[in-house]
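Chemist: What would the 3D arrangement of this be:
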Amino acid sequence: MKWSEFSIHTTEEAVEPVCNILHEAGASGVVIEDPLDLVKDWGDKFGEIYQLSPDDYPEEGVIIKAYFPVNSFLSETIEEIKESINGLLLYDIDLGHNKVQLIEVHEEEWATAWKKYYKPVKVSSSITITPTWEEYQPTVGEMVIELDPGMAFGTGTHPTTVLCIQALDKYLNGGETVVDVGTGSGVLSIAAAKLGVKSVLALDLDYVAVESAALNVNLNRVQDVVTVKQNNLLEDVDGQYDIVVANILAEVIVRFVQDAAAVLKPNGLYITSGIIKRKKQEVKDALLAGGFNIEEVIEMDDWVAIIARKQ
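Modeler: Modelled structure (predicted):
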């Protein structure tokens, strides 16, 4: 479908009335490019990372964008919008530059466009991850994980996932029982299964992730080893396991350290990743306070994985 992007360079004062006009004209949403966002204190309750570029914002004023389908009514719609916006001057609302632009854009399959950049990647000494749509010929002894992450987190190529797989590759001996908390695409559960564990319980709160993980587990023919369930962290998980692996945010990891300790056997391993460097000490302190010894800390780029052993 073809779309037209309507944009107006105006003032912060005019943002709310202009957005209201665009909504009433049929825009289902608007984009507001306000340079004040560059200096705003966004907070990071769940470890969010903001990387805003000044190149995406006007030097002064605000740019508001809205999108309308190209149809026979488009010209009339745009003229009505312009007229309504100019009418705001009657209410002494400063419109600033009031510069309007209309460009045609083509809808792209954003949900799948990333696939052209996703290629086979060797993530440990023995494991290579390859997307399902790529043909890949493994070498002797090489284990291949075929993955279609869909909309779930976990292509297997992010440093946090690579660090977890490398830790699993190093510490697994075969025959262990594993819980994968926040499994996403299921890549860590599949890696553990291919490394010879006895069983994996793969958990995720997001039903999209659960569906994606189940699909990938079947695709890699490890459904006899991996059980995928929708579950909130380790809530109501019974039994004793050899390893808990969690590739999620530091803020979440520290929240269920005690729960991880409760389901681990003595000397069991808690493999954690998804930790940005500035949160490393916070996670280490929580693990030590929760009755773990730090076995190893490994890093890649700005990310950290911590392998802790239950005392």
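Chemist: And the next helix or strand past the least confident helix or strand in the chain by mean pLDDT?
Modeler: When the helices and strands of the chain are compared on mean pLDDT, DSSP states H and E, helix 110-113 comes out lowest with a mean of 57. On the C-terminal side of helix 110-113, the nearest following helix or strand under DSSP states H and E is strand 121-122.
Chemist: mind listing what's buried in the longest strand along the chain?
Modeler: Ranked by number of residues, the top strand in the chain under DSSP state E is strand 264-276. When neighbours are counted by 16 or more other C-beta atoms under 10 Å, the buried residues of strand 264-276 are found to be 264, 268, 269, 270, 271, 272, 273, 274, 275, 276. Where C-beta positions appear, they are placed from N, C-alpha and C, glycine not excepted.
Chemist: So which of these is the closest to residue 164?
Modeler: Sorting the buried residues of strand 264-276 by distance to residue 164 puts residue 273 at the head of the list, at 4.7 Å, by C-beta to C-beta.
Chemist: Contacts only, for the residue nearest to the closest one when sequence neighbours are not counted.
Modeler: Counting by C-beta to C-beta, 6 or more residues apart in numbering, residue 273 lies nearest to residue 305, which is 3.9 Å off, once chain neighbours are set aside. Listed by C-beta atoms under 8 Å, 6 or more residues apart in numbering, the contact partners of residue 305 are 160, 163, 164, 166, 167, 271, 272, 273, 275, 297, 298, 299.
Chemist: Confirm the third one sits in a helix?
Modeler: Read it as residue 164. Yes: counting by DSSP: H, G, I helix; E, B strand; the rest coil, residue 164 falls inside a helix.
Chemist: about what we covered before: spell out the secondary structure type for the residue nearest to residue 273.
Modeler: Judged by three-state DSSP, the three-state class of residue 305 is strand.
Chemist: just residue 59 next, same as before
Modeler: Here residue 59 takes the coil state, with states given by three-state DSSP.
Chemist: How about residue 179?
Modeler: Three-state secondary structure (criterion: three-state DSSP) places residue 179 in strand.
Chemist: that older thread, buried residues in the next helix or strand after the longest strand of the chain?
Modeler: On the C-terminal side of strand 264-276, the nearest following helix or strand under DSSP H and E is helix 280-289. Residues of helix 280-289 classed as buried: 280, 283, 284, 286, 287 (neighbour count, 16+ other C-beta under 10 Å).
Chemist: any idea how far helix 280-289 is from the chain center?
Modeler: Its chain's average C-alpha position is 23 Å from that of helix 280-289, according to C-alpha atoms, centre = their mean, to the nearest Å.
Chemist: and that helix, what does it pack onto?
Modeler: Contacting helix 280-289 under the criterion 3 or more C-beta pairs under 8 Å, 6 or more residues apart in numbering; DSSP states H and E are the following elements: helix 250-253, helix 257-263, strand 264-276, strand 292-300, strand 303-310.
Chemist: could those be laid out in a markdown table, adding distance to residue 208 and mean pLDDT?
Modeler: Listed next are those as a markdown table, based on distance: least, C-beta to C-beta, whole Å; pLDDT from 0 to 100:
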| stretch | distance to residue 208 | mean pLDDT |
| --- | --- | --- |
| helix 250-253 | 18 | 89 |
| helix 257-263 | 24 | 96 |
| strand 264-276 | 18 | 95 |
| strand 292-300 | 26 | 96 |
| strand 303-310 | 24 | 96 |
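Chemist: Distance to residue 75 for the ones you listed - can I get that in TSV?
Modeler: Written out in TSV, the entries for these read as follows (distance: least, C-beta to C-beta, whole Å):
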stretch	distance to residue 75
helix 250-253	50
helix 257-263	60
strand 264-276	49
strand 292-300	53
strand 303-310	50
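Chemist: To residue 58, which of these lies closest?
Modeler: Closest to residue 58 of the helices and strands packed on helix 280-289 is strand 264-276 (C-beta to C-beta; 30.5 Å).
Chemist: Who are the packing partners of that closest one?
Modeler: Contact here means 3+ C-beta pairs under 8 Å, 6+ apart; on that basis strand 264-276 packs against helix 159-171, strand 241-247, helix 250-253, helix 257-263, helix 280-289, strand 303-310.
Chemist: and for that strand, what are the contacting residues?
Modeler: The contact list for strand 264-276 (C-beta under 8 Å, 6+ apart) reads 47, 49, 160-161, 163-164, 167-168, 171, 240-250, 252-253, 257, 260-261, 283, 287, 292, 295, 302-311.
Chemist: buried subset of the residues you listed?
Modeler: Among the contacts of strand 264-276, those classed as buried by neighbour count (16+ other C-beta under 10 Å) are 47, 160-161, 163-164, 167-168, 171, 241-250, 252-253, 257, 260-261, 283, 287, 292, 303-310.
Chemist: got the contact list for residue 250?
Modeler: If you count contacts by C-beta under 8 Å, 6+ apart, residue 250 has them with 47, 274, 275, 276, 279, 282, 283.
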